[in-house]
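Asks: A structural model of the following input is requested.
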Amino acid sequence: MPILEEFKTFAVRGNVVDLAVGVVIGAAFGNIVQSLVADVFMPLIGAVTGGLDFSNHFLPLSPKVTADTLVEAKKQGAVLAWGSFLTLCINFVIVAWVLFLVVKAMNRLRQEVPAKPPTPPRQEELLTEIRDLLRMQQGARP
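Replies: Coordinates of the predicted model:
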């Protein structure tokens, strides 16, 4: 039974729940970024490069691959789908950049303003003034 109790303690810790929420949000965020790349950035890149569509760029690794689209080429044999790889690399760069901006914003929000030291009680201020006056009378600097 101790292992079940240990697992229960582990599973209900805040870190595990936070991690689970992060994974779910990360998956949803990944879908958004995938759509952003596929539906916004890649068409723009294609327009700039004269209609280039990266999704169907591949290198046949077998002589029997004669298809024009990646889907059909994969059915015919081995292909090196470098267009898909390029799209995933762009996905990664966008996700990394957005996460960088999110972490930077969170760090900015977490920065604490240094607290001012508490002001000493009035009695302590008066004693300090008396000490300084006595030192000045004796010829020493405060």
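
Asks: only C-alpha atoms for contact and neighbour calcs from this point on.
Replies: Noted.

Asks: quick one: buried residues of the longest helix that the chain contains?
Replies: Ranked by number of residues, the top helix in the chain under DSSP state H is helix 82-110. Counting neighbours by 16 or more other CA atoms under 10 Å, one finds that the buried residues in helix 82-110 are Gly83, Ser84, Thr87, Ile90, Asn91, Phe92, Ile94, Val95.

Asks: nearest to Leu19 among these?
Replies: When the buried residues of helix 82-110 are ranked by distance to Leu19 (CA to CA), Val95 comes first, at 18.1 Å.

Asks: and the closest residue to that closest one other than its chain neighbours, how many residues sit next to it?
Replies: Distances taken as CA to CA, 6 or more residues apart in numbering place Val33 nearest to Val95, at 6.8 Å, with adjacent residues excluded. Neighbourhood size, Val33 [other CA atoms under 10 Å]: 19.

Asks: wait, doesn't Val33 sit right on Trp97?
Replies: No - counting by CA atoms under 8 Å, Val33 does not reach Trp97; the two are 11.2 Å apart.

Asks: what does Leu61 show for phi and psi?
Replies: phi -110, psi 0 (degrees, to the nearest 10).

Asks: same check, this time on Leu80
Replies: Dihedral angles phi and psi of Leu80 (degrees, to the nearest 10) take the values phi -100, psi 100.

Asks: shouldn't it be in contact with Ser62?
Replies: No - the pair Leu80 and Ser62 fails to qualify as a contact (CA under 8 Å) at a distance of 10.0 Å.
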